[in-house]
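> what's the 3D shape of this:
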Amino acid sequence: MVSGNVSASTQNQALNALIFLYKYALRMPLGELEEFARSKRKKTIPVVMTRTEVKALLGQLNGWQREVASLLYGTGMRVMEVLTLRVKDVDFEYGRILVCQAKGKKDRFVPLPQSLSVGLQEQIDKVSQLHRQDLSAGYGEVMMPEALATKFPGASREFRWQFLYPSGRLSIDARSGVVRRHHMHESGLQRAVKKAAERSGINKRIGCHSFRHSFATHLHESNHDIRTVQELLGHADVSTTMIYTHVLNRPGVKVASPLDL
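As a prediction, this is how the structure comes out:
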């Protein structure tokens, strides 16, 4: 595996497959792996856009894709955290959005960008109209998180539980056979962001997660403390958030290149 120059994740997958084979299929001890050299997972610095690049990229997007991308940058949420938002999660009065059961099964609040308030209210109105149409057609159910479908049997048809960005078509649940309206798929947004970055002339490897990286870095640039950024990103350990300090040209103090002195 090392001589094959494969990634650390590929090597770990192969190793886990061997362990599974010996333990459950052959039912034999794998033995000592004293000569086995593990590949080291490389540490990468996040790709961050400047504020000018973010503005240019968003200018190349339209409709729901522009709104979702704006939320990614304006709140620091992950792609699936935005796409799985429910109507009930947007709190206009307190100016915040509730992210439920995200990575690590944690809830957290993120700020609701005031510039997106009108657009989000219009989106909720569209969801309301679509939900009424689904109900009149005998549908209107939505997938409920974990055991809530059993605990609250009628909640899946309530408007407040509907996805903020619903799919344009109904789908059949393969396990239960129930016809539901799911949320938008992330692949469409990912393709749109990639093409928008190309049209903007941004010569960086840009993806949806780049908005989250840019959010965190720009907060650091605005002198927000790292604990606040940690809470907004939903990191369990502040050391994960610390990576964004390395993106800036001031890891603790501003350092000028000796060539410029």
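
> ok, residue 197 touching residue 57?
Yes. Between residue 197 and residue 57 a contact is recorded at 5.6 Å, counting by C-beta atoms under 8 Å. Quick note: C-beta positions are derived from backbone N, CA and C, even for glycine.

> tell me which of these two has more neighbours.
A count of neighbours by other C-beta atoms under 10 Å puts residue 57 above the other of residue 197 and residue 57, at 25 against 21.

> ramachandran angles for the more buried one?
phi -70, psi -50 (degrees, to the nearest 10).

> for it, give its distance to residue 65.
11 Å (C-beta to C-beta, to the nearest Å).

> still on that earlier bit, list residues touching both of residue 197 and residue 57?
residue 206 (C-beta atoms under 8 Å, 6 or more residues apart in numbering).

> where in the stretch 151-261 of the chain is pLDDT low?
246-256, 259 (pLDDT under 70).

> which parts of it are strands?
171-172, 179-180 (DSSP state E, counting those that start in this stretch).

> could you do the stretch 1-150 of the chain as well?
Applying DSSP E, counting those that start in this stretch to the stretch 1-150 of the chain gives strands spanning 90-91, 96-99, 108-111.

> which of these sits closest to residue 181?
strand 90-91 (18.2 Å; C-beta to C-beta).

> adjacent strands (with direction) for that closest one?
Here strand 90-91 has these sheet partners by DSSP bridges: strand 96-99 (antiparallel).

> check the offset of the strand it pairs with from the chain's centre.
14 Å (C-alpha atoms, centre = their mean, to the nearest Å).

> mind listing what's buried in that strand?
96, 97, 99 (16 or more other C-beta atoms under 10 Å).

> using JSON lines, lay out the residues you listed together with distance to residue 15.
Shown next, in JSON lines, are the buried residues of strand 96-99 (distance: C-beta to C-beta, whole Å):
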{"residue": "96", "distance to residue 15": "44"}
{"residue": "97", "distance to residue 15": "40"}
{"residue": "99", "distance to residue 15": "34"}
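
> residue 204 is nearest to which of the strands of the stretch 151-261 of the chain?
Going by C-beta to C-beta, the one of these nearest residue 204 is strand 171-172, 35.1 Å.

> can you give the domain ranges for the chain?
According to automatic domain parsing, the chain comprises the domains 1-42, 51-247.

> single out the most deeply packed of those domains.
Comparing the domains of the chain by mean neighbour count (mean count of other C-beta atoms under 10 Å), domain 51-247 ranks first with a mean of 16.

> in this protein, which residue is closest to the centre?
residue 78 (1.8 Å; C-alpha atoms, centre = their mean).

> can you pull the contacts of that residue?
102, 103, 209, 212.

> hmm, which two among those are most spread apart?
In terms of C-beta to C-beta, those reach their longest pairwise distance at 102 and 209, which sit 14.1 Å apart.

> that older thread, could I get the domains of the chain as TSV with distance to residue 260?
Shown next, in TSV, are these (distance: least, C-beta to C-beta, whole Å):
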stretch	distance to residue 260
domain 1-42	30
domain 51-247	20
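
> hang on, isn't residue 200 packed against residue 55?
No. In this structure, residue 200 is not within contact of residue 55 by C-beta under 8 Å, at 9.3 Å.
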